[in-house]
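# What shape does this take:
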Amino acid sequence: MSTAVAFIWHMHQPYYKDMLTGKYSMPWVRLHAIKAYYDMAAILEEYPKMRYNVNIVPSLILQIKDYAEGKFKDVFWDLSVKPAKDLTLDDKKFLLWNFFMANWETMIKPNPRFWELLMKRGTKVTEEDIEILSEKFTERDYRDLQVLFNLSWFGFMARKNFPQVAEMINKGKNFSEEDKKIVLNTQIDLIRKLLPLYKKLQENGQIEITTTPCFHPIMPLVYCTDFAKRCMPWVALPNKFSQPEDVQAHIEMAVQIYKDAFGVKPRGMWPSEGSVCPEIMPIISRNGFRWLATDEEILMNTIEISDRGKGLYKPYVFQHGSENVTIVFRDKNISNAISFDYQKMDSSYAAGDLVRNLQNINDYTSRFGHESLVSVVLDGENPWEGYHESGEPFLRALCKRLSESQAVYPTTVSDYLDKHPPKDELQNLYTGSWINHNFDIWIGDPEENAGWNYVGRTREFLEKESRKGIISKEKLKLAWMNLYAAEGSDWFWWYGDDFSTDCDEEFDLIFRTHLSNVYTVTGHDVPDYLKESILYVKEVQPAQPPIAFIEPVIDGVNTYFYEWTDSGYHDVERYGGTLYRGESYLSRVYFGFNKKTLFLRFDPLTGSTAINGRDLRVYFNIIQPKEYQITFPLSFDPEKIKQFTLNSSEDGVTFDKVGDYDSIKAKQTIELSIPFKDLKIKPNEVMHFYVQVKTCKTQLDRYPRRGYLTLMVPGEEFELSSWSA
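Here you go, the predicted structure:
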């Protein structure tokens, strides 16, 4: 008895394209295409016995086609093509910020010149630093940076099959403009070969290509956001969003895009993030899908399984009336080991460990009298950035061992099901995803819920416009495509506190652009709420809220031990500071009050040298109930801070001076006071605020980094409750 292993490599990038301008603000489709997308296909030509599935998201196929056909406007591409001698100051700053976005250890350090340029820029920089550094980089530096960034993304099969890539890597530095053209033209040449290569491998039987709903939505949540309560009964939900017809639309588009690319219809699906619920299964079946994959925890929460080995490694059929879909469940331990653990090990040992685990599964499951199927499902692109040599030693060792194994053999899911149809039936299906068998990553946080509400408001508008019958079919189709793109899971992945990236602001902008385009296409002004970043609209809980009245002495020192004990404070070090990965400035921001006065205190970061000799200012920004700004120099020299300025604004953009106040002192800390009446804030009103450190007009740090802190102006009941306590 042997065991089959079905790898399902999931290839996916968000839909970066602005459908109105054709502009790609991020380069990751192009760069992943020349790395993992090509490596994972081309390597199979050297291992004819190797089999696996590749899941390609339809919106990724559309973007790959854009690059293959030259129908793209890529900001990173434009600044790569531009001759180094013609770069403007803004161009140079963009390159220094963005052209080191690669794994430093595995993609930059192996090239001495690339590493040299990173060290010259520095690993922790601010916008102010970039301004200065931009003049220190030479024309030769910038040209080398343009080439090396693009060159570093070529994977191991590109280096083998495109000699000019290996030649440029060997050259290593002092590139010419002609060298740059060779590198960039090779990228597009390779991308043109990509989809035809996948099609050929599928026709040869080495791979099975599967798909996902078009723009990678979380189908259960698009069907109904209230479904999140099934696996997260505690969750705070947005306004109800329930659009089963959108699930149908995403699946229909997926089938058509797949057929256009590969000449046949798909048989299998990896639903976005492995997210499933009973209601979507008939839709999947009616659109011709034979099977789908999801996580083992979905199975464990669907039926009671006393023996994981006996229950997990086989297919099941989910029956719903006359519709049925076969489901296979991923082995999360093996899948996660490839994603996160094996990159830290010796490649040969890691591949051997994986195969040994599969052999152990075979030894255990052979007693059950049927050939087992181990489903291994994971990201097929991002993990290889953490592996040395783009994962080549590991993948080659794995392909070789599996090609030679007697106990374990690689297969595609459909090939396995053709020989071993499911015998076990599921009467129900747990609602959840591959991450913690719930939807916490995509819903429940204030940012995430704001995103769902934005989608809901925009969709409601578009439905009304569609019913009017006055907008052309072409424009309506474009408007709906933008709406569907905004339903993708990626934007919600980066919202909230679960995950963060240096590109959070860009992902937020792309999401809001898709929604804004709905209004623009239909001839309407974009509403104001879509013009403001979602990243800065949520309340952040302070380390401690104000708990009683305080009466501090405004003298710049902690005059007595309990002076600020009952105030609220935001702990900068706890929540993380430095918006631009440079050195921070403040360690804590205190805020407290008595019945008539607001008190503020700003503590320096111990040992920080970032403030020395710099013209920095603090901005205490009140954004509700009215917009005010308290500003003063950031210095702990008593001679440099004699007063602070209060400004007010009607639009949040332009500020008018209200007056100067001398109730501020600096020494060990900075302390100040201001009457609530001067801020026109009444008792029991809620005040939202945040703090910035700036130089000129450049923000260097923000506390909290996102969102705002909240303070309720005290009324009579606060005084009574404080006395009672």
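
# in the stretch 451-600 of the chain, which spans are strands?
568-571, 586-593, 597-604 (DSSP state E, counting those that start in this stretch).

# quick one: strands adjacent to the second one?
Spelled out, that is strand 586-593. The pairing partners recorded for strand 586-593 under DSSP bridges are strand 568-571 (antiparallel), strand 597-604 (antiparallel).

# Look up how far Met40 lies from the nearest residue to Phe162 once chain neighbours are set aside.
Leaving aside its sequence neighbours, Phe162 sits nearest to Thr186 (Cβ to Cβ, 6 or more residues apart in numbering; 5.5 Å). For the C-beta atoms, the positions are set from N, CA and C on the backbone; glycine is no exception. With the distance defined as Cβ to Cβ, to the nearest Å, Thr186 ends up 19 Å from Met40.

# So for these two, which residue has more residues nearby?
Met40 (23 against 20; other Cβ atoms under 10 Å).

# The more buried one is in what secondary structure piece?
Using DSSP states H and E, the element containing Met40 is helix 38-42.

# Tell me the first helix or strand C-terminal of that helix.
Following helix 38-42 in sequence, per DSSP H and E, is strand 52-56.

# That next one packs against which elements?
With contacts taken as 3 or more Cβ pairs under 8 Å, 6 or more residues apart in numbering; DSSP states H and E, strand 52-56 sits against strand 3-11, strand 207-210.

# what's the angle between the longest one and strand 52-56?
Between the axes of strand 3-11 and strand 52-56, defined by axes from the mean of the first three to the mean of the last three Cα atoms, to 10 degrees, the angle is 20 degrees.

# Would you give the sheet partners of strand 3-11, along with the direction of each?
strand 52-56 (parallel), strand 372-379 (parallel), strand 408-410 (parallel).

# For that strand, what does the pLDDT average out to?
For strand 3-11, the mean per-residue pLDDT is 98.

# May I see the helices and strands packed on strand 52-56 organised as TSV, with distance to Leu478 added?
Formatted as TSV, these follow (distance: least, Cβ to Cβ, whole Å):
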stretch	distance to Leu478
strand 3-11	26
strand 207-210	27
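
# Quick one: mean pLDDT for the helix holding Met40?
Computed over helix 38-42, the mean pLDDT rounds to 97.

# Could you do stretch 714-721 as well?
For stretch 714-721, mean pLDDT is 72.

# the domain parsing of the chain - what is it?
12-208, 446-536, 568-724 (automatic domain parsing).

# Go through those domains and name the closest to Pro542.
Minimum separation from Pro542 across the domains of the chain (Cβ to Cβ) falls at domain 568-724, 4.9 Å.

# For Pro233, grab the count of nearby residues.
Burial of Pro233 is recorded as 7 neighbouring residues (other Cβ under 10 Å).

# who touches it in this structure?
Pro233 makes no contacts at all, as judged by Cβ atoms under 8 Å, 6 or more residues apart in numbering.

# how much space between the residue nearest the centre of the chain and Glu506?
Per Cα atoms, centre = their mean, the C-alpha nearest to the average position across the chain is that of Trp494, at 4.0 Å. According to Cβ to Cβ, Trp494 and Glu506 sit 9 Å apart.

# Secondary structure element holding Pro266?
Using DSSP H and E, Pro266 falls outside every helix and strand.

# Compute the number of surrounding residues for it.
24.

# measure it to Gln256 for me?
Counting by Cβ to Cβ, the gap between Pro266 and Gln256 amounts to 11 Å.

# Same question for Asn174.
According to Cβ to Cβ, Asn174 stands 48 Å off from Gln256.

# Output the strands paired with strand 3-11 as TSV; include the columns mean neighbour count and distance to Ala486.
Converted to TSV, the strands paired with strand 3-11 look like this (neighbours: other Cβ atoms under 10 Å; distance: least, Cβ to Cβ, whole Å):
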stretch	mean neighbour count	distance to Ala486
strand 52-56	24	21
strand 372-379	23	23
strand 408-410	21	38
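
# Which of these sits closest to Pro546?
Closest among those, using Cβ to Cβ: strand 372-379, at 45.0 Å.

# State the next helix or strand along the chain beyond the closest one.
Downstream of strand 372-379, the first helix or strand assigned by DSSP H and E is helix 392-404.

# what is the mean pLDDT for that following helix?
In this model, helix 392-404 has an average pLDDT of 97.

# Can you mark which positions in that helix are buried?
Within helix 392-404, the residues scored as buried using 16 or more other Cβ atoms under 10 Å are Glu392, Pro393, Phe394, Leu395, Arg396, Ala397, Leu398, Cys399, Lys400, Arg401, Leu402.

# among those residues, which two are most distant?
Greatest spatial distance among these (Cβ to Cβ): Glu392 and Leu402, at 15.9 Å.

# OK, contacts around Gln243?
By Cβ under 8 Å, 6+ apart, the contact set of Gln243 is Val222, Tyr223, Arg459.

# biggest helix in the chain, by residue count?
helix 177-203 (DSSP state H).

# For that one, the averaged confidence score.
Taken as a whole, helix 177-203 has a mean pLDDT of 98.

# and what of stretch 230-240?
Mean pLDDT, computed over stretch 230-240, is 96.

# do the same with stretch 591-603
95.

# coming back round to it: can you add distance to Tyr364 and give the domains of the chain back as a markdown table?
Output for those, formatted as a markdown table (distance: least, Cβ to Cβ, whole Å):
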| stretch | distance to Tyr364 |
| --- | --- |
| domain 12-208 | 23 |
| domain 446-536 | 35 |
| domain 568-724 | 45 |
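
# any low-confidence regions in the stretch 1-150 of the chain?
Counting by pLDDT under 70, not a single residue of the stretch 1-150 of the chain qualifies.

# and with 80 instead?
Applying pLDDT under 80 to the stretch 1-150 of the chain flags residues 1.

# quick one, strands of it?
According to DSSP E, counting those that start in this stretch, the strands that the stretch 1-150 of the chain contains are 3-11, 23-24, 52-56, 73-74.

# Rebuild those as JSON lines, extending it with distance to Lys694.
Formatted as JSON lines, the strands of the stretch 1-150 of the chain follow (distance: least, Cβ to Cβ, whole Å):
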{"stretch": "strand 3-11", "distance to Lys694": "42"}
{"stretch": "strand 23-24", "distance to Lys694": "30"}
{"stretch": "strand 52-56", "distance to Lys694": "45"}
{"stretch": "strand 73-74", "distance to Lys694": "32"}
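
# Quick check: which of those strands is nearest to Phe114?
strand 73-74 (20.8 Å).

# Please name the residues that touch Tyr67.
Applying Cβ under 8 Å, 6+ apart to Tyr67 gives the contacts Val29, Arg30, Ala33, Asp74, Ile188, Ile191.

# let's see 6 Å
Contact partners of Tyr67, counting by Cβ atoms under 6 Å, 6 or more residues apart in numbering, are Arg30, Ile191.

# What separation do you get for it and Pro271?
According to Cβ to Cβ, Tyr67 stands 26 Å off from Pro271.

# likewise Gly715?
Applying Cβ to Cβ, the value for Gly715 to Pro271 is 51 Å.

# do the same with Glu505
Using Cβ to Cβ, Glu505 is found at 29 Å from Pro271.

# The two: which is more packed in?
The neighbour comparison of Glu505 against Pro271 (other Cβ under 10 Å) goes to Pro271, with 27 against 15.
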